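Participant: Using only what follows, build the 3D model:
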Amino acid sequence: CLSSSMASRFMRLCFRNTRRIHLTYRVPLTMSKPIALHRAFSMPSKQDKANAKKVFDLIDKDGNGVIDPDEFQEFAKMPELYSKPKEAEKATSAAIRMAMRQVDQAQDSKISFDEFFEWWKGNVTVVGMPASIQENMKKLAQKK
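Facilitator: Here you go, the predicted model:
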């Protein structure tokens, strides 16, 4: 662990030549709670959070504030999410269930907005689903 002054010097050095860094080292910036550096430097905008909320509400059909497995299954089959229309047909139920388990960090078979937003920001990698889904989710938010 680095002290606060060492962390400050480290951040200044990193930002001299780059706008965003991707590090997974944990540094106690406040000396009370360690955070991942890549999350500390990629704070989402209010517009980004609002767009994520639009898509979340679109998926949450019953409006109960969480995405259940059936809603996620229906969402994952939307052709708008895929770069090629045939990819939606190829999305198997098993791959979609696995994707839901990866997004559902609490493992309670429901995706909260916070869990969804972590996925939206790219902090959760979903194996088994095309990477284009995240980009196309953001395009979907612009349309709505």
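
Participant: Could you count how many residues lie near residue 64?
Facilitator: Neighbour count of residue 64, defined by other C-beta atoms under 10 Å: 10. Bear in mind the C-beta positions are built from the backbone N, C-alpha and C, glycine included.

Participant: three-state assignment of the nearest residue to residue 132 once chain neighbours are set aside?
Facilitator: In this structure, residue 132 finds its nearest non-sequential neighbour in residue 83, 4.5 Å apart by C-beta to C-beta, 6 or more residues apart in numbering. What DSSP: H, G, I helix; E, B strand; the rest coil gives for residue 83 is coil.

Participant: where's residue 83 relative to residue 57, distance?
Facilitator: Separation of residue 83 from residue 57 (C-beta to C-beta, to the nearest Å): 24 Å.

Participant: which stretches of this structure have low pLDDT?
Facilitator: 1-43, 144 (pLDDT under 70).

Participant: what about the strands in it?
Facilitator: 26-27, 35-36, 66-67, 111-112 (DSSP state E).

Participant: isn't the residue nearest to residue 132 right up against residue 133?
Facilitator: No: with contacts defined as C-beta atoms under 8 Å, residue 83 does not count as touching residue 133, sitting 9.1 Å away.

Participant: out of the two, which sits in the more crowded spot?
Facilitator: residue 133 (21 against 11).

Participant: Contacts only, for the closest residue to residue 117 other than its chain neighbours.
Facilitator: In space, and not counting its chain neighbours, residue 117 is closest to residue 52: 5.1 Å by C-beta to C-beta, 6+ apart. With contacts defined as C-beta atoms under 8 Å, 6 or more residues apart in numbering, residue 52 is in contact with 44, 113, 116-117, 120, 141.
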